[in-house]
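# build me a model from this:
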Amino acid sequence: MRNVLRCCCLVLLLGLCAGSALAQVPATKAYIVRFKPDYQLPEQGSHAQVVNLLQGSLKKNLPVLKAIHKTDDLVPLWIVNGAAIRATSAEVAEIKALPNVLSVKPSRYKIWLPDTDPQPVDGPKGIQWSIAKVKAPEVWSTLKIDGTGVVVGHLDTGIDAGHPALSGKVLSFKDFTPAGQSGPYDDQGHGTHTAGSIAGSDGVGVAPGAKLIVAKVFDRQGGAEDAWLLQAMQWVMDPDGVPETNDGPRLVSNSWGSDATTDRTFWDAVQAWVAAGIVPVFAAGNNGPSGKVGTPGGYPHSWAVAATTNTDKIAYFSSVGPSVWDGITLVKPDIAAPGQSVVSCAVGGGLVSNSGTSMACPHVAGLAALMLQANPALTIDQVRAIAESTAIDLGAAGKDTKFGSGRFDALACITKVLESASLLAAYEAYDSSLAAEKALVGIQARTPLAGPLAQSILQRTGALDDGEVKSLGDALRQKGSPAARALFDEALRLRQAERLNK
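Residues are numbered from 1 along each chain as shown. Just a heads-up that it's a prediction; the model follows:
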């Protein structure tokens with residue numbers, strides 16, 4: 001009996017010691033550390049210039065942080081000159097005291113996506129009402145522009161890449177949620193729907209010729225930590241991790257946002273996109289009819305999209321402006337698109353109807369893809385200005401705080417773009433597409449990005465008159481790449497063969 005009591009006491013003592021040891025382990029939480037900037041972003045730099053500048057600045061700051069934070073969980077966030085870490089409160093106090101540290105803030109988890117009730121659609125397939133409303137089919141058929149050759153970034157709940165309307169659209173995918181899956185998937189549905197409105201085939205998307213770089217950043221509940229979002233924003237800017245390969249998208253579609261109107265968490269990340277020439281398209285928010293446009297859509301450098309109905313009324317849920325930053329009042333949102341009862345892709349196949357500025361945002365992303373195929377030389381300011389100047393003015397005259405500049409008209413917009421577009425820019429974009437394709441998917445027998453763009457360029461070249469062809473050829477011989485000149489030679493061969501067959 002004495003031995004039994006002795007064993008029990010020993011077990012109890014060991015248990016108390018273990019509990020005491022565990023109690024002494026300091027708790028850690030997720031934080032984002034930001035350093036004081038020692039650089040100035042260019043207004044319109046190259047992809048390599050901007051990424052190298054940001055990475056170089058962070059590289060100088062990290063050693064001081066690592067001297068305090070010695071674990072290997074640190075994730076560099078050069079897009080905001082910072083890092084994501086898990087740290088104790090004592091470590092945070094030390095880090096805040098470092099002379100090069102600007103701030104240390106918690107990486108908050110929150111639900112970002114609205115709780116909607118998507119409705120299955122059993123009706124006939126074909127051109128969906130929202131796509132017809134913005135006159136995208138006329139752009140495809142009359143102007144021969146469908147977004148071919150343009151890469152669109154997409155931050156959402158993922159994508160069902162096996163959906164018939166999205167088959168072959170995904171160039172690259174990465175999962176930033178704790179699930180960490182390697183292949184494309186969508187366990188919520190929101191991302192598949194919004195991706196469909198950007199680039200879905202069969203009358204579902206505005207720019208069915210475009211390709212997608214997809215970051216899954218929201219979990220099944222539609223939630224994400226700040227750090228997940230910042231990592232995704234960074235990755236989509238440089239997917240292959242090599243700044244010198246220009247594999248970043250021309251625009252990013254973001255059907256998400258916070259109700260907060262003054263939160264600057266993503267300010268620097270959006271600014272980095274803009275500096276590298278990436279158009280940042282954001283949902284305006286679903287706080288209408290009186291709630292204000294949230295963030296990041298409310299930033300001056302973000303393009304915020306309001307939602308309209310099938311009768312061109314403002315959707316009851318669409319957030320309104322203005323937005324105020326540093327004492328300056330901005331008219332927000334910027335532009336409007338169909339967003340109520342929008343039909344797009346459902347996970348597992350088929351179609352579903354959903355509502356929100358989340359649904360309006362990808363329509364404008366599709367419009368930007370059409371514009372950048374029509375003239376790849378457009379700047380961000382030109383994309384926004386042309387799209388807004390050709391929009392159908394709704395509500396109060398001029399740009400207002402409900403519709404922005406109005407609901408976009410793809411036919412009027414692309415017609416305007418083509419008035420001053422040169423095919424020389426398209427040939428230069430072909431060279432870039434070859435490089436991006438090699439970086440993202442490798443060399444393949446059937447090229448998913450450059451191949452369709454080449455066919456589009458050949459078709460557009462064939463429509464030129466002899467004088468325009470001569471001018472284009474002279475320009476390409478002076479400054480064109482070998483690949484661009486080879487493509488032009490093929491255009492001349494096809495042109496000659498067509499004449500001989502007449």
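
# would you map the strands across the stretch 51-200 of the chain?
Along the stretch 51-200 of the chain, the stretches classed as strands by DSSP state E, counting those that start in this stretch are 75-77, 82-87, 101-106, 109-111, 119-121, 151-156, 170-175.

# tell me which of those strands lies nearest to Gly398.
Comparing these by their distance to Gly398 (Cβ to Cβ), the top pick is strand 151-156, with 29.5 Å. Glycine gets a C-beta too; all of them are placed from N, C-alpha and C.

# what's the average pLDDT for stretch 268-287?
The pLDDT scores in stretch 268-287 average 97.

# quick one: it to chain centroid distance?
8 Å (Cα atoms, centre = their mean, to the nearest Å).

# CA atoms only for it - export them in PDB, please.
Output in PDB follows, covering the C-alpha atoms of stretch 268-287 (Å, rounded to 0.1, in the frame of the first residue of the first chain):
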ATOM      1  CA  ASP A 268       1.300  50.300 -49.200                       C
ATOM      2  CA  ALA A 269       0.600  47.000 -51.000                       C
ATOM      3  CA  VAL A 270      -1.900  48.600 -53.400                       C
ATOM      4  CA  GLN A 271       0.600  51.400 -53.900                       C
ATOM      5  CA  ALA A 272       3.300  48.900 -54.800                       C
ATOM      6  CA  TRP A 273       0.900  47.300 -57.400                       C
ATOM      7  CA  VAL A 274       0.300  50.700 -58.900                       C
ATOM      8  CA  ALA A 275       4.000  51.600 -59.000                       C
ATOM      9  CA  ALA A 276       4.600  48.400 -61.000                       C
ATOM     10  CA  GLY A 277       1.800  49.100 -63.400                       C
ATOM     11  CA  ILE A 278      -0.800  46.700 -62.000                       C
ATOM     12  CA  VAL A 279      -4.400  48.000 -62.100                       C
ATOM     13  CA  PRO A 280      -6.000  47.500 -58.600                       C
ATOM     14  CA  VAL A 281      -9.800  46.700 -59.000                       C
ATOM     15  CA  PHE A 282     -11.700  46.500 -55.800                       C
ATOM     16  CA  ALA A 283     -15.300  46.000 -54.700                       C
ATOM     17  CA  ALA A 284     -16.800  49.200 -53.200                       C
ATOM     18  CA  GLY A 285     -18.500  47.300 -50.300                       C
ATOM     19  CA  ASN A 286     -22.000  46.200 -49.400                       C
ATOM     20  CA  ASN A 287     -23.000  48.800 -46.700                       C
END
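
# residues of it that come out buried?
Buried residues in stretch 268-287, counting neighbours by 16 or more other Cβ atoms under 10 Å, are found at 268-287.

# in strands, which of these fall?
279-283 (DSSP state E).

# adding distance to Thr142, write the residues you listed out as CSV.
Shown next, in CSV, are those (distance: Cβ to Cβ, whole Å):
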residue, distance to Thr142
Val279, 24
Pro280, 29
Val281, 25
Phe282, 30
Ala283, 30
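
# the residue nearest the centre of the chain: what secondary structure?
In the chain, the C-alpha nearest the mean C-alpha coordinate belongs to Val252, at 2.1 Å (Cα atoms, centre = their mean). Secondary structure, DSSP: H, G, I helix; E, B strand; the rest coil: Val252 is strand.

# list the contacts of it.
Taking Cβ atoms under 8 Å, 6 or more residues apart in numbering, we find Val252 in contact with 152-155, 233, 236, 273, 278-281, 365.

# next structured bit after whatever helix or strand Ile414 lives in?
Counting by DSSP states H and E, the element that carries Ile414 is helix 410-419. Toward the C-terminus, helix 410-419 is succeeded by helix 423-441 as the next helix or strand (DSSP H and E).

# kind regards, and thank you for your time.
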